[in-house]
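Visitor: Got a predicted model here, sequence first, then my questions.
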Amino acid sequence: EAGVAQSPRYKIIEKRQSVAFWCNPISGHATLYWYQQILGQGPKLLIQFQNNGVVDDSQLPKDRFSAERLKGVDSTLKIQPAKLEDSAVYLCATGLDRGDSPLHFGNGTRLTVT
Amino acid sequence: EDKVVQSPLSLVVHEGDTVTLNCSYEVTNFRSLLWYKQEKKAPTFLFMLTSSGIEKKSGRLSSILDKKELSSILNITATQTGDSAIYLCAVGAFGAGNNRKLIWGLGTSLAVNP
């Protein structure tokens, strides 16, 4: 079974620039999450999709972050404009449409904002 | 507010030692408790626990849930340097609209010295 694919692996941008991350879930996984993980902390949920609908985006800084999951498969997360404090690893995780199924994570994108 | 607390935050042991990591939670509409191991990349799934008192084992790792005490432990016996990682605990619950959500702890950073 192929895992969750994320790209790019690393990105370095200057503040006020924009950046986009891409996630391709495991086939058949209806739920998709974007997490932000800062060094030394647990993952922080940014947005949760169920198929192509948003389930929870309460912690997404909507003035600068946006995400979409067209056709309920691939997803993109965008930051525009980036701030220094956005430097983190952005993780995509997907799971089956069952309340107790574990999440599977991609390798993440490490973003550095200078 | 839902919360998950892990202890200790960090731990240094010698190869061959046995370690016990703790996870306690205060979460409404608890469904499951999950343990993940995170090395340099994304978290990898270890265990999912839903029933109290039933131990799950995988090699030298084992975990058990105590719903009465609202806690779980993760045991690692005969530790090896490859066990060095951050161990994350997450609690699955039903959020608003019966949607699934995960509440994450900050993790326990384990270092196993030769």
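Guide: That came in fine, so what should we check first?

Visitor: Let me know whether stretch A:74-88 sits next to chain B.
Guide: No. Between stretch A:74-88 and chain B, judged by C-beta under 8 Å from any C-beta of the partner chain, nothing touches; the nearest distance is 13.2 Å. For glycine as for every other residue, the C-beta is placed from the backbone atoms N, C-alpha and C.

Visitor: who touches that stretch?
Guide: With C-beta atoms under 8 Å, 6 or more residues apart in numbering or on different chains as the contact definition, stretch A:74-88 has outside contacts at A:13-25, A:32, A:34, A:36-39, A:46-47, A:49, A:64-69, A:90, A:92, A:110-114.

Visitor: Pull out the buried members of the residues you listed.
Guide: Buried members of the contacts of stretch A:74-88, scored by 16 or more other C-beta atoms under 10 Å in any protein chain shown, are A:13, A:19, A:21, A:23-25, A:32, A:34, A:36-37, A:46-47, A:49, A:65-67, A:69, A:90, A:92, A:110-111, A:113.

Visitor: out of those residues, which are inside strands?
Guide: If you go by DSSP state E, the buried ones among the contacts of stretch A:74-88 have A:13, A:19, A:21, A:23-24, A:32, A:34, A:36-37, A:46-47, A:49, A:65-67, A:90, A:92, A:110-111, A:113 in strands.

Visitor: which helices and strands does the helix or strand bottoming out on mean pLDDT in chain B pack with?
Guide: Every helix and strand of chain B was ranked by mean pLDDT, DSSP states H and E. The lowest is strand B:100-104, at a mean of 83. Secondary-structure packing of strand B:100-104 (3 or more C-beta pairs under 8 Å, 6 or more residues apart in numbering or on different chains; DSSP states H and E): strand A:44-50, strand B:3-7, strand B:85-94.

Visitor: most neighbours per residue, which of the ones you listed?
Guide: Across the helices and strands packed on strand B:100-104, averaging neighbours per residue (mean count of other C-beta atoms under 10 Å in any protein chain shown) puts strand B:85-94 on top, at a mean of 22.

Visitor: What average pLDDT does that strand get?
Guide: Per-residue pLDDT over strand B:85-94 has a mean of 91.

Visitor: ditto for stretch B:58-73
Guide: Mean per-residue pLDDT for stretch B:58-73: 96.

Visitor: so where's chain A shaky on pLDDT?
Guide: A:1, A:97-100 (pLDDT under 70).

Visitor: Noted, bye for now.
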